[in-house]
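Novice: have a look at this fold, sequence not included:
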């Protein structure tokens, strides 16, 4: 209803009624029943609702409106209200007027006119604001202050305008979908006419650009930085944050840091590592500035823009120079930071390639350092551990943590999230770099690995736990994967294993068997033959126990020298030792004891032949010195020489050779260990480190040692240069036979092959044992042609035909 009614019971003139209607809210009309109805209702209430059916059917209910009669509102009143609203709107949208006090107003059927009037006043308002901003005397960063003030004033006035015209907005506009709401109308007109004005937009861009330039150049906070968050808020309210402010911010960031990068590169004042530190520092500055000024979603983009501009065109230089320096420093944090920077600018392929070249260079340098071959494996292990750590901890892509639920905490703690996996490209390049580095030198790396394993298994745990010792052995075997000379490692490892077992120098048989199992199952099946060594030793112990028991039954006593004899019977095919043509001459009593054992063995195993090899034999001697009696643990060769001094105190080199019949090499090494080592039980004349054929030796009665048991037999456990040469020669001979067999086997199956096909098939056939050189393959093919296993095709000399 559009009519107005005065409150019930209010008297007065019509003028008073009119004044009341204009100043107060429309009264509510109250419908009341007649007296009979009211009495019946009260009675019903008192009786608790107990009315009979007759009362319910008494007839229709009559409603009467009590109060003054409602008179129609005169047109003059509506005109006055409309004028008041117009004046109020104009005052709200004029920055220079305070405006009248506001009173609630409503529209009286003139919504269209009022809406159009609002648009006209808005156009006038935004025009005034735009002209005032354009004519503002302050420029650059200072201009942003009046701009944000104008935006704040306008948004405040729009809020008041919405309150004033709430009736218009909620009834008239809401019923017409084609019309925007008052807020939409005002904000759209302000955005289009003020902010998007070419002159205002340019002033905004200039202010942002100058502010950024000042802060980045001076690396300090501008006095008007607090204005920028206000600018962000106002532009966001008008939907222009991304197009106007953020885009300008990113463009300025890229331009500034591109110029700075070029300047630093041209000046040459910073090293690659210092340049990376500069990039990191600038990135932190930009993150701090963006968090203080921009919306949270823009921070990462600003950092990326700064880092990308600084790094573009510098990746190869940084990857080559900075990586080498940072890897040399052995610090994880700078490497991790470098990886993150390269990842942001899609430079991981460049970094990965540089990492591969660096690792290959280091491994090659270690492997080819012939003067420090003894340190090769420890250096490789140390570098490999560091490189693995770098890949596992630094070259990793960060995984965002899962969001935590807001529900009540669980009774059991959540499991720890697994560490993110390392970048696979870096993992693969690390493996390839080690393989390439090992190829820089043939045979020797595999030999050094076998000798390092020998030292580790002789040394044992030394107070460490089983897990730590097993991890050390696994680390050495991991390096074994990178060598192509598997047969070299196998040959030297098996010789060292045989010495450890025969001399009793192995720290643990359990670890020996575990390493053999790993080698056999994961690296080279031919290591399975080494298990037979343990079988031979077990059988030898049983055989020796039976022999001594038989001697005791036949009247032997514990004082007999034979009771202290230990013989190990080895099957020659199971052990990596060749038969000796000559050996040392033992004292008569030793030969008698060995003869007794030989007789017993031949009776037990008819048809078998025993060949004695004393090179790895050991003996324990009792020696009396001036300082007291000592027990000497020596090799059998050393024992034979020392026993000669029971007859004479001084013996010449030539006499020792005549009595022992040792060759010069073996005799010289043995005498050197007794007279020139740390424990000199013999004296050499003249003194010196080398043994010559003219030297004379005498027993050193002045020898002293803190221990009662003195070990001098360590020379046996070491691989001498002569033994190494013999082993290498044996390996080369075995390789020739393996290549010959592989070539014949391939040709027998294929009948005809081109040289390239034959070469590839031969390499594939023997690569589980070694990777042959191409020249060696060509040489073996030519040898088989000469032996008439193969022949060349008459029309194509590069094609070979198998000769049946």
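Specialist: That came through fine. Given the structure is predicted, the values throughout are model-derived calculations rather than measurements. Numbering: from 1, shown residues only.
Novice: got the contact list for residue 278?
Specialist: 264, 270, 310 (CB atoms under 8 Å, 6 or more residues apart in numbering). In short, each C-beta sits where N, CA and C put it, glycine included.
Novice: ok so it is a helix residue?
Specialist: Yes: per DSSP: H, G, I helix; E, B strand; the rest coil, residue 278 lies within a helix segment.
Novice: filter the contacts of residue 278 to the buried ones?
Specialist: Neighbour counting over those (16 or more other CB atoms under 10 Å) leaves 264, 310 as the buried ones.
Novice: return the member of the contacts of residue 278 nearest to residue 281.
Specialist: residue 310 (10.5 Å; CB to CB).
Novice: identify the residues contacting the closest one.
Specialist: Contacts of residue 310 (CB under 8 Å, 6+ apart): 257-258, 260-261, 278-279, 282.
Novice: what helix or strand is it located in?
Specialist: helix 299-311 (DSSP states H and E).
Novice: all strands for this protein, in order.
Specialist: Taking DSSP state E, the strands of the chain run over residues 31-33, 63-65, 618-625, 628-635, 650-652, 682-685, 696-699, 709-711, 752-754, 790-792, 799-802.
Novice: would you reformat these as CSV and include distance to residue 315 and mean neighbour count?
Specialist: As requested, these are exported to CSV (distance: least, CB to CB, whole Å; neighbours: other CB atoms under 10 Å):
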stretch, distance to residue 315, mean neighbour count
strand 31-33, 85, 11
strand 63-65, 88, 10
strand 618-625, 63, 14
strand 628-635, 62, 17
strand 650-652, 74, 15
strand 682-685, 65, 18
strand 696-699, 69, 18
strand 709-711, 59, 13
strand 752-754, 44, 16
strand 790-792, 53, 16
strand 799-802, 49, 18
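Novice: could you tell me the least trusted of those strands?
Specialist: For the strands of the chain, the weakest mean pLDDT is recorded on strand 31-33, namely a mean of 45.
Novice: can you get me a residue count around residue 177?
Specialist: 7 (other CB atoms under 10 Å).
Novice: distance of it relative to residue 658?
Specialist: Note on residue 177: its distance to residue 658, by CB to CB, to the nearest Å, is 125 Å.
Novice: re the thing from before, max pairwise distance over the contacts of residue 310: which two?
Specialist: Maximum distance among these (CB to CB): 14.3 Å, for 258 and 278.
Novice: pLDDT weak spots in this protein?
Specialist: 1-60, 62-65, 67-82, 84-87, 89-111, 398-419, 556-560, 713-720, 804 (pLDDT under 70).
Novice: on that earlier part again, quick check: buried residues in the helix holding residue 310?
Specialist: 299, 302-311.
Novice: now stretch 162-180
Specialist: For stretch 162-180, by 16+ other CB under 10 Å, it's 164-165, 168-169, 172-173, 179.
Novice: any idea how far apart the tips of it sit?
Specialist: 13 Å (CA to CA, to the nearest Å).
Novice: please apply the same query to stretch 636-651.
Specialist: 19 Å.
Novice: next one: stretch 670-690
Specialist: Using CA to CA, the two ends of stretch 670-690 sit 12 Å apart.
Novice: rewinding a little: need the strands of the chain in TSV with distance to residue 768, can you?
Specialist: Below are those laid out as TSV (distance: least, CB to CB, whole Å):
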stretch	distance to residue 768
strand 31-33	106
strand 63-65	109
strand 618-625	37
strand 628-635	37
strand 650-652	53
strand 682-685	49
strand 696-699	50
strand 709-711	40
strand 752-754	21
strand 790-792	24
strand 799-802	23
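Novice: residue ranges for the helices of the stretch 151-300 of the chain, please.
Specialist: 166-167, 182-190, 198-218, 227-237, 247-267, 272-293, 299-311 (DSSP state H, counting those that start in this stretch).
Novice: about what we covered before: please indicate which of the contacts of residue 310 are buried?
Specialist: 257-258, 260-261, 279, 282.
Novice: so which of these is the closest to residue 708?
Specialist: For the buried ones among the contacts of residue 310, the nearest to residue 708 is residue 279 (67.6 Å; CB to CB).
Novice: can you tell me which residues contact that closest one?
Specialist: 307, 310-311, 341.
Novice: ok, now residue 187?
Specialist: If a contact means CB under 8 Å, 6+ apart, then residue 187 has 158, 237-238 as its contacts.
Novice: weed out the non-buried ones from those.
Specialist: Judged by 16+ other CB under 10 Å, buried ones among these: 158, 238.
Novice: would you turn the contacts of residue 187 into JSON lines with distance to residue 769?
Specialist: Output for those, formatted as JSON lines (distance: CB to CB, whole Å):
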{"residue": "158", "distance to residue 769": "87"}
{"residue": "237", "distance to residue 769": "77"}
{"residue": "238", "distance to residue 769": "77"}
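Novice: between the contacts of residue 187, which sits nearest residue 701?
Specialist: Closest to residue 701, out of all of those and judged by CB to CB, is residue 237, at 105.5 Å.
Novice: distance of that closest one from residue 159?
Specialist: Counting by CB to CB, the gap from residue 237 to residue 159 is 12 Å.
Novice: just checking, what packs against the helix ranked longest in the chain?
Specialist: Longest helix in the chain, counting residues (DSSP state H): helix 721-750. With contacts taken as 3 or more CB pairs under 8 Å, 6 or more residues apart in numbering; DSSP states H and E, helix 721-750 sits against helix 486-503, helix 755-766, helix 774-786, strand 799-802.
Novice: show me what contacts residue 421?
Specialist: residue 396.
Novice: what are the phi and psi angles of it?
Specialist: Note on residue 421: its backbone torsions stand at phi -70, psi 150 [degrees, to the nearest 10].
Novice: the chain should start at 451 in everything you say after this.
Specialist: Yep, numbering from 451; the last one is residue 871 now.
Novice: please point out which parts of stretch 764-773 sit buried.
Specialist: So for stretch 764-773, counting by 16+ other CB under 10 Å, buried means 764-765, 768-773.
Novice: ok, now which ones touch residue 1247?
Specialist: With CB under 8 Å, 6+ apart, residue 1247 has no contacts at all.
Novice: against residue 881, how distant is residue 1190?
Specialist: For residue 1190, the distance to residue 881 - CB to CB - is 32 Å.
Novice: of those two, which one has the most company?
Specialist: Applying other CB under 10 Å to residue 1190 and residue 881 shows that residue 1190 carries more neighbours, namely 17 against 13.
Novice: who's in contact with the closest residue to that one other than its chain neighbours?
Specialist: Nearest residue to residue 1190, sequence neighbours excluded (CB to CB, 6 or more residues apart in numbering): residue 1230, at 5.7 Å. By CB under 8 Å, 6+ apart, the contact set of residue 1230 is 1186, 1189-1190, 1193.
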